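Novice: curious how this folds, go ahead:
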Amino acid sequence: MKKVIVTGANGFIGTALCKKLSDEGINVIAIVRDKEENITKIKDIPRIKIIYCDLSDFRNLSKYIEDRDIDALYHLAWVGSAGALRGDSDVQIRNIQYTCDTIKACLEINCKRFIFASSIMEYEIQATMETDAMPSINTLYSSAKVAADYMARTLSGSYGIDYIRAVISNIYGPGETSPRLVNTSLRKMLNNEHCAFSAGNQLYDFVYITDAAQMFIEIGKHGIANRTYYIGSQKPRPLKEFLCEMRDQVDPKTEIGLGEIPFNGVSLSYKEFDINAVKKDTGYIPEITFAQGIKNTLEWIKEMG
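Specialist: Numbering: from 1, shown residues only. Down below sits the predicted model:
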């Protein structure tokens, strides 16, 4: 690849991806929502061009981007991927439309590949819908991701664009500020706040941010059209093992509340998809162990205060 587009470029994953792409000598067109957005982390990256465009105007991306020789577009931008907006139906439905708009823009700028940032939560909602359980309101996010995936793949095929789906597990590391599990729990442990969890018997997986970014790059280069690639460590384990490892990195004497919260979700077996697809098609294997990744993350949190 010589030139790519990254939407949501100033986010946690987008920032790491832009840096990795630049390190490999790839020119990056970074799409950021508006001039009020914080671009501190990406503005000085070599070989990067920052373009301001709100998701609601993605249908007109071809008017913002002069280039017509784009190798791939990484679609990371999504409103309400965490927090209360996960359960906002209006917001999530608009995300589906924005994804379709981005596919159409790819056709206009002659972009050859579209990499869609999907979520492992799609499998969880699909499994839930096969039971009598009542889905939580936050699964509207997962449902929208499923719909966007189906529609984007269909549109891409009709336009002759290679469509690649990247299923994200749980990405963590320096730079993460969202209310997701690793970031929130580590901060609580450092502040001697009590952490309550489920029993943690369900399988889980985490992948370090630089490994995740590199996996995105590899599937952009070598991924096979219409194939799903799992962005994870390739070694899922019971959640409690990860939680205990996090505790041990902070202070082995810290007590964590395993089993204090009931688990009402759906457990995945990780047989629902091929966790080794990236390895098989690109040869890339994640390099950072969970212990090392947590150590790096703790150091960053402490530095940031």
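
Novice: now stretch 247-260: buried residues?
Specialist: By neighbour count with 16 or more other C-beta atoms under 10 Å, stretch 247-260 contains the buried residues 247, 249-250, 256, 258. Every C-beta, even on glycine, is put in place using the N, C-alpha and C of the backbone.

Novice: who are the contact partners of the nearest residue to A72 once chain neighbours are set aside?
Specialist: Closest residue in space to A72, ignoring its immediate chain neighbours: R113 at 4.0 Å, by C-beta to C-beta, 6 or more residues apart in numbering. Neighbour list for R113: 71-73, 161-164, 220, 223, 225 [criterion: C-beta atoms under 8 Å, 6 or more residues apart in numbering].

Novice: quick one: R113 and L21, what's the gap?
Specialist: 14 Å (C-beta to C-beta, to the nearest Å).

Novice: quick one: the helices in the stretch 201-305 of the chain, in order.
Specialist: 209-222, 239-250, 277-282, 290-304 (DSSP state H, counting those that start in this stretch).

Novice: show me the one of the ones you listed that comes nearest D54.
Specialist: helix 209-222 (23.2 Å; C-beta to C-beta).

Novice: sorry, back to before: next, find the distance separating the residue nearest to A72 from M304.
Specialist: R113 is 35 Å from M304, by C-beta to C-beta.

Novice: what ranges does the stretch 1-150 of the chain have for its strands?
Specialist: 3-7, 27-32, 48-52, 72-75, 113-119 (DSSP state E, counting those that start in this stretch).

Novice: in a markdown table, list the ones you listed along with distance to A196 and mean pLDDT.
Specialist: Compiled in a markdown table, the strands of the stretch 1-150 of the chain are given as follows (distance: least, C-beta to C-beta, whole Å; pLDDT from 0 to 100):
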| stretch | distance to A196 | mean pLDDT |
| --- | --- | --- |
| strand 3-7 | 36 | 98 |
| strand 27-32 | 37 | 98 |
| strand 48-52 | 41 | 97 |
| strand 72-75 | 35 | 98 |
| strand 113-119 | 24 | 97 |
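
Novice: so of the ones you listed, which one's packed in deepest?
Specialist: strand 72-75 (a mean of 26; mean count of other C-beta atoms under 10 Å).

Novice: gap between that one and the chain center?
Specialist: 13 Å (C-alpha atoms, centre = their mean, to the nearest Å).

Novice: sheet partners, orientation included, of that strand?
Specialist: Strand 72-75 pairs in its sheet with strand 3-7 (parallel), strand 113-119 (parallel), by DSSP bridges.

Novice: only alpha carbons, please: show the last one as PDB.
Specialist: C-alpha atoms of strand 113-119 as PDB (Å, rounded to 0.1, in the frame of the first residue of the first chain):
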ATOM      1  CA  ARG A 113     -10.400  -1.700  -0.500                       C
ATOM      2  CA  PHE A 114     -12.700  -1.000   2.400                       C
ATOM      3  CA  ILE A 115     -11.800  -2.300   5.800                       C
ATOM      4  CA  PHE A 116     -14.700  -2.100   8.200                       C
ATOM      5  CA  ALA A 117     -14.000  -2.000  12.000                       C
ATOM      6  CA  SER A 118     -16.500  -4.500  13.300                       C
ATOM      7  CA  SER A 119     -16.900  -5.700  16.900                       C
END
